[in-house]
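> give me coordinates for this.
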Amino acid sequence: MSAGSDAVRVRGLTVRYGEVLALDDVDLDVAPGRVCGLLGVNGSGKSSLFKALIGTLRPDRGEIVLLGRDPAAARRAGAVSYVPQADAVDWAFPVGVTDVVTMGRYGRMGPMRRPKQADRTAVAGAIERVGLTDLAGRQIGALSGGQRKRAFLARAIAQDASLLLLDEPFSGVDKGSEATIVALLHAMRDEGRTVLVSTHDLAAVPDLCDEAVLLARRVIAHGTPEHVLTPDVLAGAFGAPPTRGRAA
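Coordinates of the predicted model:
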């Protein structure tokens, strides 16, 4: 693939945990400059797909290309940033907001990881952009759920990644932080970045996403939210249309 091709290209991706089939022959293309929602019930393979994309889970078979590169090369270049689910983070670890955001600059600092003025400027700008300047020195575990998600999004902004992978960024988030995150994702899309975001809130998808993927170990549907969020399509993944537009 060339650098101008899809931001995410997946072919025949199959993942197993022992005898459990998590992903079954998944094909997926996401173009640059799009917000793509990843939808499905718990156990549908959303987190497994993210882990395969970032290289923490080795697929049984299949091909992954990110931003026209081998995934490992894209990650080494700092082109991919991952915001995990809240339960995947040790919130007791003694680091502050600035420390977390500075981690996004590590790939640019060299082996000693000593920030230069450009790094400090990028970190401060990212923290300001997510509205956490007044909390820059606070320990990450002392923040609210929404503030924590904004801190990790600031890390991605400081990293200047072209592809953002966000696993359930709105879980446990207050409405104010949710609105801030949505606005930031749209702004980053408008800057030409690509966002793949998993969410259970189907009602929010039309306003959040340019396109949506419905996953149930395989891709059930991929298209505009209006195409994917129909009763017949949703029944293929949920078994029945979810009440009031929300997943079970």
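> list the contacts of the helix or strand of the chain with the lowest mean pLDDT.
None of the helices or strands of the chain scores lower by mean pLDDT, DSSP states H and E than helix 106-109, at a mean of 78. Applying CB atoms under 8 Å, 6 or more residues apart in numbering, the contact partners of helix 106-109 are 76, 77, 78, 113, 115, 116, 119, 159. In this view, the C-beta of every residue, glycine as well, is placed from N, C-alpha and C.
> just the buried subset of the residues you listed, please.
Neighbour counting by 16 or more other CB atoms under 10 Å classes 78, 115, 119, 159 among these as buried.
> what is the most widely separated pair among those?
78 and 115 (14.6 Å; CB to CB).
> can you confirm residue 59 is in a strand?
No - secondary structure of residue 59 (DSSP: H, G, I helix; E, B strand; the rest coil): coil, not part of a strand.
> who are the contact partners of it?
13, 14, 15, 23, 52.
> same question, residue 125
Each residue near residue 125 by CB under 8 Å, 6+ apart is listed here: 157, 158.
> now it: which helix or strand?
helix 117-129 (DSSP states H and E).
> report the angle between the next helix or strand after that helix and helix 117-129.
Note on helix 117-129: by DSSP H and E, the next helix or strand toward the C-terminus is helix 145-159. Helix 145-159 and helix 117-129 meet at an angle of 150 degrees, taking axes from the mean of the first three to the mean of the last three CA atoms, to 10 degrees as the criterion.
> touching the helix or strand following helix 145-159 from outside, list them.
As assigned by DSSP H and E, the chain's next helix or strand after helix 145-159 is strand 163-167. For strand 163-167, contacts defined as CB under 8 Å, 6+ apart pick out 7-8, 46-47, 50, 53-54, 66-67, 74, 79-85, 88, 153, 156, 185, 188, 193-198.
> ok, back up a step: buried ones only from the contacts of residue 59, please, as a ChimeraX command.
Selection of buried members from the contacts of residue 59 for ChimeraX, criterion 16+ other CB under 10 Å:
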select :13,14,15,23,52
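> can you list the contacts of residue 59 in CSV and add secondary structure and pLDDT?
Shown next, in CSV, are the contacts of residue 59 (DSSP: H, G, I helix; E, B strand; the rest coil; pLDDT from 0 to 100):
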residue, secondary structure, pLDDT
13, strand, 97
14, strand, 97
15, strand, 95
23, strand, 96
52, helix, 94
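> pull out the buried positions in the helix holding residue 125.
Within helix 117-129, the residues scored as buried using 16+ other CB under 10 Å are 119, 122, 123, 124, 126, 127, 129.
> what mean pLDDT does it have?
Computed over helix 117-129, the mean pLDDT rounds to 94.
> check the offset of it from the chain's centre.
Put simply, helix 117-129 sits 21 Å off its chain's centre (CA atoms, centre = their mean, to the nearest Å).
> and the closest residue to residue 168 other than its chain neighbours, how many residues sit next to it?
Nearest non-adjacent residue to residue 168, counting by CB to CB, 6 or more residues apart in numbering: residue 85, 5.0 Å away. When neighbours are counted by other CB atoms under 10 Å, residue 85 registers 16.
> so where's this structure shaky on pLDDT?
Low-confidence segments of the chain, defined by pLDDT under 70: 1-4, 86-92, 110, 239-248.
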